[in-house]
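> The following block contains a protein sequence and its predicted model.
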There are 2 protein chains.
Amino acid sequence: MQEILSAHKSRFERDFFLLLKQSSLKSAPAGLREATLYSLSGRNKRLRPVLALESARIAGRKDEDALAIAAAVECLHTYSLVHDDLPAMDNDDMRRGQPSTHKKFGDATAILVGDLLQSLSFELLAQANLPLSAVRYFARAVGAQGMVSGQYLDMQAAGASTYRLHRLKTGRLIEAALILPTMGRSAVPGMAKFRWARSLGVLFQITDDLLDATASSAELGKTAGKDAQQHKKTIISLLGLPGARVKAEQIAVKLESDASKAFPESQLLRNLPRELLSRSS
Amino acid sequence: MQEILSAHKSRFERDFFLLLKQSSLKSAPAGLREATLYSLSGRNKRLRPVLALESARIAGRKDEDALAIAAAVECLHTYSLVHDDLPAMDNDDMRRGQPSTHKKFGDATAILVGDLLQSLSFELLAQANLPLSAVRYFARAVGAQGMVSGQYLDMQAAGASTYRLHRLKTGRLIEAALILPTMGRSAVPGMAKFRWARSLGVLFQITDDLLDATASSAELGKTAGKDAQQHKKTIISLLGLPGARVKAEQIAVKLESDASKAFPESQLLRNLPRELLSRSS
């Protein structure tokens, strides 16, 4: 499984950076382009684009459309990391095994890199032969109805439930990576696909929290133990470490058995929950 | 002319805030929603959405599509103001006659308001019955090939030419406001429209620089004299005050005579260059 994921990731990275060379990024001033490419580099699982590529394969999309969708998702995810790492936000100095973008290029450039990556994400999405409704769906999932609202809740000391926060902050983009490639192929993506995709987002967040609590910064490529240090609401602060492990195991088992309903054609997706689980234990 | 612009602006503002109530903004956490609506309020000419509405009228678009395009342009513009005002960027405390968003709600919220407004802009654009190519065009114009790159050049002490900087930072969005509504109506928007729209962007920037140099903060609703104080490259630092006035006059005269070729059906657009000029003198 690890080898399959790693092969997918390598192929994506090669094609992704070629695609970027043909995008509007080539007209950006050299310094801004360099900082943007830096933020997109570094040690990275590329989980979201690999999900998008696999969903596109099942939906029978052309390679170039699949790549454009995967690239859009990766640009969007990276913008969120660059902005979340800013001193005014989570203030994180390390990301993807290297100094975070604002540490390397300054806060102003990091803000602009994030802004540029969001525009670039919609540019790439709009060249993937999707219906207009897919652009609207994505804009809502990463904006007011999803990711940005989740990050806002994460910055507040009290209030929202941990599950709601994570569903918005992490879950909606992982959902979009799986759902976008199916749009326009059938009338409406099946609810089974949506439910599965959202549940995978929750599992991903719990295993990420487990890693933050148990792995070293060197293993993570970012500062470990930040959640507890910043008193973040996580599944672990809610359930404790053993409780969170049990919860993750339960979700993974259900995802495994439901995969045959949601994405019957994909061995990769069926094996992924188990793989996420084993990484975090 | 002032009364016509003011009537357009009032109608836009009424419809715009109604449209926002039906957008994904209604699902955002209350605090984030409040800060976003705050950033969209205040004293404001609404020049860009008025341009979009007028171009849409000429192109024969339905009212609801025209409004969605105008709203998308206004959300995009406002996100750029909120991020540009941040302490890490231009560090401006006043905007649209009120404390800027980060002064009122803090830096983290202001970053997220800008991020949300960019997503919201694409959400609204995607409901305007435009072709996918319009989404791509807009993403490029406000991203790496336009606005964000212009803002990056503006942050650099030296380098780019003043004209290039302004064409990217201000010109491309004003261009997009006029061009977007024409897309999908004819094969390709005429070059005359493009040239006129870009030239209007340059005129707008010069008159804005003249106002910054000559008007008071109370008149502007934002801190006056910031350009000289921050040693910004402007047309005035390049040509001097009288030189900039002559330049603006020349561009306005040409725009006036070319309006009949680019947008023959619009008295508003023909009169606009003269109006911009008279505001700044």
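Structure received.

> so how far is residue A:147 from the closest residue to residue A:184 other than its chain neighbours?
Once flanking residues are discounted, residue A:184 sits nearest to residue A:131: 4.3 Å by CB to CB, 6 or more residues apart in numbering or on different chains. Every C-beta, even on glycine, is put in place using the N, C-alpha and C of the backbone. Here the criterion is CB to CB, to the nearest Å. By it, residue A:131 lies 21 Å from residue A:147.

> Looking at those two, which has the bigger crowd around it?
It is residue A:147, of residue A:131 and residue A:147, that has more neighbours when counted by other CB atoms under 10 Å in any protein chain shown, with 27 against 13.

> what's the distance between the more buried one and residue A:138?
Distance of residue A:147 to residue A:138, computed by CB to CB: 10 Å.

> Overlap of the contact sets of the two?
With contacts defined as CB atoms under 8 Å, 6 or more residues apart in numbering or on different chains, the residues shared by residue A:147 and residue A:138 are residue A:76.

> quick one on the thing from earlier: what's the residue nearest to residue A:184 sitting at in phi/psi?
phi -70, psi 160 (degrees, to the nearest 10).

> next one: phi and psi at residue A:98?
For residue A:98, the backbone dihedrals are phi -150, psi 160 (criterion: degrees, to the nearest 10).

> What confidence value was assigned to it?
Looking at residue A:98, its pLDDT is 94.

> Number of residues surrounding it?
16.

> Run a quick check on it versus residue A:40, I expect a contact.
No. Residue A:98 is not in contact with residue A:40 according to CB atoms under 8 Å; the separation is 11.5 Å.

> Mind listing what's buried along the longest helix anywhere in chain A?
In chain A, assigned by DSSP state H, the helix with the most residues is helix A:235-262. Within helix A:235-262, the residues that count as buried by 16 or more other CB atoms under 10 Å in any protein chain shown are A:235-236, A:239, A:244-245, A:247-249, A:251-252, A:255-256, A:258-259, A:262.

> again with stretch A:122-135
Buried residues in stretch A:122-135, counted by 16+ other CB under 10 Å: A:122, A:123, A:124, A:125, A:126, A:127, A:128, A:130, A:132, A:134, A:135.

> what mean pLDDT does the one helix or strand the third one maps to have?
Think residue A:124. When elements are assigned from DSSP states H and E, residue A:124 belongs to helix A:107-125. Averaged over helix A:107-125, pLDDT sits at 98.

> So which elements touch the strand or helix carrying residue A:178?
Assignment of secondary structure by DSSP H and E places residue A:178 within helix A:172-179. Helix A:172-179 sits against helix A:47-58, helix A:63-84, helix A:132-142, helix A:147-155, helix A:191-214, with contacts defined as 3 or more CB pairs under 8 Å, 6 or more residues apart in numbering or on different chains; DSSP states H and E.

> With respect to residue B:211, which of those helices lies nearest?
helix A:63-84 (31.6 Å; CB to CB).

> name the helices or strands packed onto that closest one?
When contacts are defined as 3+ CB pairs under 8 Å, 6+ apart, helix A:63-84 sits against helix A:2-21, helix A:30-40, helix A:47-58, helix A:107-125, helix A:132-142, helix A:147-155, helix A:172-179, helix B:107-125.

> would you turn those helices into JSON lines with distance to residue B:143?
Below are these laid out as JSON lines (distance: least, CB to CB, whole Å):
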{"stretch": "helix A:2-21", "distance to residue B:143": "13"}
{"stretch": "helix A:30-40", "distance to residue B:143": "10"}
{"stretch": "helix A:47-58", "distance to residue B:143": "19"}
{"stretch": "helix A:107-125", "distance to residue B:143": "3"}
{"stretch": "helix A:132-142", "distance to residue B:143": "14"}
{"stretch": "helix A:147-155", "distance to residue B:143": "17"}
{"stretch": "helix A:172-179", "distance to residue B:143": "19"}
{"stretch": "helix B:107-125", "distance to residue B:143": "9"}
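
> show me what contacts residue A:200?
Applying CB under 8 Å, 6+ apart to residue A:200 gives the contacts A:51, A:174, A:175, A:178, A:255, A:272, A:273.

> Rebuild those residues as JSON lines, extending it with pLDDT.
What follows is the contacts of residue A:200, written out as JSON lines (pLDDT from 0 to 100):
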{"residue": "A:51", "pLDDT": "97"}
{"residue": "A:174", "pLDDT": "96"}
{"residue": "A:175", "pLDDT": "96"}
{"residue": "A:178", "pLDDT": "97"}
{"residue": "A:255", "pLDDT": "97"}
{"residue": "A:272", "pLDDT": "96"}
{"residue": "A:273", "pLDDT": "96"}
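
> Which member of those is positioned nearest chain B?
Nearest to chain B among those is residue A:175, at 14.9 Å by CB to the nearest CB.

> Could you tell me how many residues sit around the closest one?
Neighbours of residue A:175 under the rule other CB under 10 Å: 24.

> One more: residue A:3?
Other residues close to residue A:3 by other CB under 10 Å number 7.

> Who are the contact partners of it?
Residue A:3 makes no contacts at all, as judged by CB under 8 Å, 6+ apart.

> Just the pLDDT for it.
Model confidence at residue A:3, given as pLDDT, is 86.

> Distance check, it against residue A:12.
As judged by CB to CB, residue A:3 and residue A:12 stand 15 Å apart.

> any chance of the buried residues of stretch A:122-135 in TSV, with distance to chain B too?
TSV is the format used below for the buried residues of stretch A:122-135 (distance: CB to the nearest CB, whole Å):
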residue	distance to chain B
A:122	4
A:123	4
A:124	8
A:125	8
A:126	4
A:127	6
A:128	9
A:130	8
A:132	5
A:134	8
A:135	4
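
> and which of those residues is nearest to residue A:215?
The closest of these to residue A:215 turns out to be residue A:124 (CB to CB; 31.9 Å).

> give the contact list for that closest one.
By CB under 8 Å, 6+ apart, the residues touching residue A:124 are A:19, A:23, A:68, A:69, A:71, A:72, A:75.

> The fifth one touches residue A:18, doesn't it?
Pointing back at residue A:71 there. No. Between residue A:71 and residue A:18 there is no contact under CB under 8 Å: 10.1 Å.

> give me the low-pLDDT residue ranges for chain A?
Chain A contains residues with pLDDT under 70 at A:157-160, A:186-189.
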